[in-house]
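Asker: Give me coordinates for this.
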Amino acid sequence: MSRVCAFVFCLLFGPLVQAAELHASVDRARLNTAETLELTLEIQDVTQFGKPDLTPLQADFEVRGTRQLNSLNTLDGQNEATTRWVVTLMPRRAGTLQIPPLRLGELHSEAIELQVEAAQDSPATILAPVFIEASLDQNDIYVQAQAVLTLRIYHSVSLYDDSSLSPLQIDGVKIEPLGESRTYEKLINGIRHGVIEMRYALYPQRSGEVTVPTLTFSATSAGSDSDNPGNPGNPGNSQVRVSSSELPLQVRPIPADYPAGQAWLPARSLTLEEHWSPDPGQGPTQIGDSLTRSVTVKAEGLSSTQLTPLPGTEVPGLRRYPDQPQLRNQIDERGLIGSREEREALVPTHSGALELPSLELVWWNTRENHLERSSLPARSLNVQDNPALSAETPSATPASDGQPLWPWQLSTLVLALTTLAGFALWWRARSQPAVLRAAQTGPSPRTLLDDLKRACQANDSHATRQALDAWARQQPQTLADMAARFVPLSDALDGLNSALYSEAGQYWQGDELWRAISTIPTAEQAQPTQGENGGLPPLYPK
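Answerer: Sure thing, here's the model as predicted:
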């Protein structure tokens, strides 16, 4: 029966399974020989049955327990089945240990490296049933640099779920929690303790001495712990309340040799990365093409909010349409890794070589205690003419021998052409009535103006661009000439172009463009045709 159910389950969810993969992860990569860690093995392939082979672990680890978790999630109509095995391990020795690749059928996980330190017994005087320990990874840091506070609560007795911890508040210090609390076990003087671990990133905002205050943990113990019968301090059910000790933190000011006017960035490491879409080095770039440039700064030991905006790409012949920056924080064993990604659309407006300047960030290396600079090199864009944009541009007609025309030859040609044109118009006018009503061969200027108004009021940037081009073709001046003579129209066109070349186009409002169009000086508007005014009165009324 179980095989039939498994077969039906595979029929339902098998097509949704992606490339099978056994993923391995640990809750921490640094510990000591008296502590446990949790290894999680995860798979999303429902066609795999059985359990992972844990035999390779026994050489360096003691397997304390294994539990299996199954889940089925539905997102956008798609079902995703996940199976996890959570394995509790305790290292057998100190040093650099490796969790070897583990197999499940034909699948295998990747190896994971751990740093294991030798455990040191604590004095028996502190081995109360519940006690708390607080520590800082550094006692001396620069202003706005990161110090990691680790708080561990040890208990050799079971605790009820009513535990609480006083809030961490320090005047003049920005505090960032580093993920959720972690739980594991640790042997202290032969007694097994449960550990609740919490970590915080501290960023002092002014120099001087800062004191991390006492934190108080309270809970109700669940009576004597039968797993530790040798523990002389096991109480009955009672309220326990323990407090950590105060920790001093010395905060140094910004170094005197740090460049004035530069943003202060104290970090363990800082990198700059650049990506293009499409890559201008992989193909030709033409006038009017949209290039997306993405620059990411990543700093270890800083939060994303501490990373200042990057300088924009201000290059003549290149229009810039920036997007909103993307801020992200990543947590690792040393604290926060903040990143700031800035994207911008770059549209060339002139052909030729455009030089993008180099980008440089100054920062202070807190690990080696000196000034450093991270930079991106300058880049050259070779922009070519766009035939689609230059198709209507008239070109000079060279002479058959490649030499320029003499002035008398050019004037003779112009005179001959105008004479022939005038004779043709006179001959055609002889056969036409004195008053001829103009034939409408396309949409009238009034119709095109109404279409443009509707597109602006609908806040549709793409429809507005099309309607604007159609309306401009019937005007006595080009759109560029009107924008050069009328500043509100130029500003409104910049806003429309920004919406077309960036991800913010859905928020564009067309009211500003319509106001500019409707208030263009009368001399620049197209004059209505004779047909729109109903024609002229007869020359000789009867």
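
Asker: Break down this structure into its helices, ranges please.
Answerer: For the chain, helices defined by DSSP state H occupy the ranges 2-13, 387-390, 407-430, 445-457, 461-472, 479-485, 487-500, 511-518.

Asker: Out of those helices, flag the one nearest Leu336.
Answerer: With CB to CB as the criterion, Leu336 lies closest to helix 487-500 of the helices of the chain, at 33.4 Å. Every C-beta, even on glycine, is put in place using the N, C-alpha and C of the backbone.

Asker: Which residues does the closest one contact?
Answerer: Outside helix 487-500, the residues that touch it by CB atoms under 8 Å, 6 or more residues apart in numbering are 319, 321, 347, 461-462, 464-465, 468, 479, 482-484, 504-505, 507-508, 512-513, 515-517, 519-520.

Asker: thinking again about what came up before, any chance of the helices of the chain in JSON lines with mean pLDDT as columns?
Answerer: As requested, these are exported to JSON lines (pLDDT from 0 to 100):
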{"stretch": "helix 2-13", "mean pLDDT": "45"}
{"stretch": "helix 387-390", "mean pLDDT": "68"}
{"stretch": "helix 407-430", "mean pLDDT": "78"}
{"stretch": "helix 445-457", "mean pLDDT": "83"}
{"stretch": "helix 461-472", "mean pLDDT": "84"}
{"stretch": "helix 479-485", "mean pLDDT": "79"}
{"stretch": "helix 487-500", "mean pLDDT": "81"}
{"stretch": "helix 511-518", "mean pLDDT": "85"}
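
Asker: possible to save those helices as JSON lines with distance to Thr66?
Answerer: Below are the helices of the chain laid out as JSON lines (distance: least, CB to CB, whole Å):
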{"stretch": "helix 2-13", "distance to Thr66": "21"}
{"stretch": "helix 387-390", "distance to Thr66": "65"}
{"stretch": "helix 407-430", "distance to Thr66": "94"}
{"stretch": "helix 445-457", "distance to Thr66": "64"}
{"stretch": "helix 461-472", "distance to Thr66": "57"}
{"stretch": "helix 479-485", "distance to Thr66": "71"}
{"stretch": "helix 487-500", "distance to Thr66": "56"}
{"stretch": "helix 511-518", "distance to Thr66": "64"}
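
Asker: Glu185 versus the residue nearest to Thr88 when sequence neighbours are not counted, what's the distance?
Answerer: Taking CB to CB, 6 or more residues apart in numbering, and ignoring the residues beside it in sequence, Thr88 has Arg64 as its nearest neighbour in space, at 4.0 Å. Separation of Arg64 from Glu185 (CB to CB, to the nearest Å): 8 Å.

Asker: Give the residues shared as contacts by these two.
Answerer: With CB under 8 Å, 6+ apart, Arg64 and Glu185 have common neighbours 36, 88, 90.

Asker: In strands, which of those fall?
Answerer: Per DSSP state E, strands hold the following members of those: 88, 90.

Asker: So which residue is smack in the middle of this protein?
Answerer: Central residue of the chain (CA atoms, centre = their mean): Gln326, 3.5 Å from the mean position.

Asker: Okay, and the beta partners of the closest residue to that one other than its chain neighbours?
Answerer: Leaving aside its sequence neighbours, Gln326 sits nearest to Glu341 (CB to CB, 6+ apart; 4.2 Å). On the basis of DSSP bridges, Glu341 is bridged to Thr296, Gln326.

Asker: from what I can see Glu341 touches Thr296, true?
Answerer: Yes - the pair Glu341 / Thr296 is scored as a contact, 4.5 Å apart, by CB atoms under 8 Å.

Asker: returning to that earlier point: any figure for the gap between the residue nearest to Thr88 and Glu372?
Answerer: Between Arg64 and Glu372 the computed distance is 44 Å (CB to CB).

Asker: Next: Ala267.
Answerer: 9 Å.

Asker: what do you get for Pro309?
Answerer: 20 Å.

Asker: low-scoring stretches of this protein, by residue?
Answerer: 1-20, 46-48, 75-77, 121-127, 223-237, 389-408, 430-442, 502-506, 522-542 (pLDDT under 70).

Asker: so what are the domain limits for it?
Answerer: 9-117, 124-252, 266-387, 445-524 (automatic domain parsing).

Asker: residue contacts, Ala299?
Answerer: By CB under 8 Å, 6+ apart, the contact list for Ala299 reads 265, 267, 269-271, 306-307, 337-339, 363.

Asker: Ignore what I typed, I meant Leu69.
Answerer: Contacts of Leu69 (CB under 8 Å, 6+ apart): 83-86.

Asker: Let me see the ranges of the strands in the stretch 51-200 of the chain.
Answerer: 61-75, 78-91, 95-99, 103-104, 107-108, 112-117, 130-136, 140-142, 147-155, 164-165, 173-177, 182-188, 191-204 (DSSP state E, counting those that start in this stretch).

Asker: what would those look like in CSV with distance to Trp276?
Answerer: Converted to CSV, the strands of the stretch 51-200 of the chain look like this (distance: least, CB to CB, whole Å):
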stretch, distance to Trp276
strand 61-75, 32
strand 78-91, 33
strand 95-99, 39
strand 103-104, 41
strand 107-108, 37
strand 112-117, 35
strand 130-136, 42
strand 140-142, 35
strand 147-155, 36
strand 164-165, 48
strand 173-177, 33
strand 182-188, 40
strand 191-204, 33
